[in-house]
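# Prediction below, plus the sequence it came from.
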Amino acid sequence: MRTKSRTIQRPRLDEDVVPFTEYRRTLNDCFARTARTHRPIVITQNGRSTSVMMNVADFESTWDEIENWRKRAAFSHMIESSRRDFENGDFIDEDELFDSIEKEIESGFVS
């Protein structure tokens, strides 16, 4: 079961960047902090950012949002492509469309 999440927040560089040794020592606190603040924790190793830890509900929410944006982008691309085709006269009239659909149904490609 998926838990509801608030929108993920941007990490605060003064609070949410943690060296790996501190992260390892305070792991339970890090779990609680990401759940409470909805901000990811940036983990560093040798002074460089290497990983990000975030709450699972926030991760799922973020992933869903990314998928929605991908679907919107694909739909927008289809609309723009259709508009260009129409402007270039590359289209079929509705009789041709329905004939094509009927042929596909008869041939068993569409059920």
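Sure thing, it's come through.
# Return the backbone torsion pair for Glu15.
phi -120, psi -30 (degrees, to the nearest 10).
# buried set for the helix or strand hosting Asp85?
Assigned by DSSP states H and E, Asp85 falls within helix 56-87. Buried residues in helix 56-87, defined by neighbour count with 16 or more other C-beta atoms under 10 Å: 57-59, 61-62. To be clear about C-beta, it is placed using only N, CA and C from the backbone, and glycine gets the same treatment.
# farthest residue from the center of the chain?
Seen from the C-alpha centroid of the chain, the residue lying at the greatest distance (C-alpha atoms, centre = their mean) is Asp95, 39.1 Å away.
# In three-state terms, how would that one be classified?
What DSSP: H, G, I helix; E, B strand; the rest coil gives for Asp95 is helix.
# how close does it get to Gln45?
Asp95 sits 66 Å away from Gln45, going by C-beta to C-beta, to the nearest Å.
# ok, now Glu96?
62 Å.
# Look at Ser49 and give its secondary structure.
Going by three-state DSSP: Ser49 is strand.
# which residues of this protein score low on pLDDT?
1-6, 109-111 (pLDDT under 70).
# 50 - rerun?
1 (pLDDT under 50).
# which residue is nearest the middle of this structure?
Ile66 (1.5 Å).
# Asn55: how many residues sit nearby?
Counted with other C-beta atoms under 10 Å, the neighbours of Asn55 add up to 24.
# does the residue nearest to it when sequence neighbours are not counted sit in a helix or strand, and which one?
In this structure, Asn55 finds its nearest non-sequential neighbour in Thr34, 4.3 Å apart by C-beta to C-beta, 6 or more residues apart in numbering. Thr34 belongs to helix 27-37 when assigned by DSSP H and E.
# what distance separates the helix holding Asp85 from the centre of its chain?
How far helix 56-87 lies from its chain's middle: 9 Å, per C-alpha atoms, centre = their mean, to the nearest Å.
# can you check stretch 25-33 too?
The chain centroid and the centroid of stretch 25-33 are separated by 26 Å under C-alpha atoms, centre = their mean.
# Done for today, thanks.
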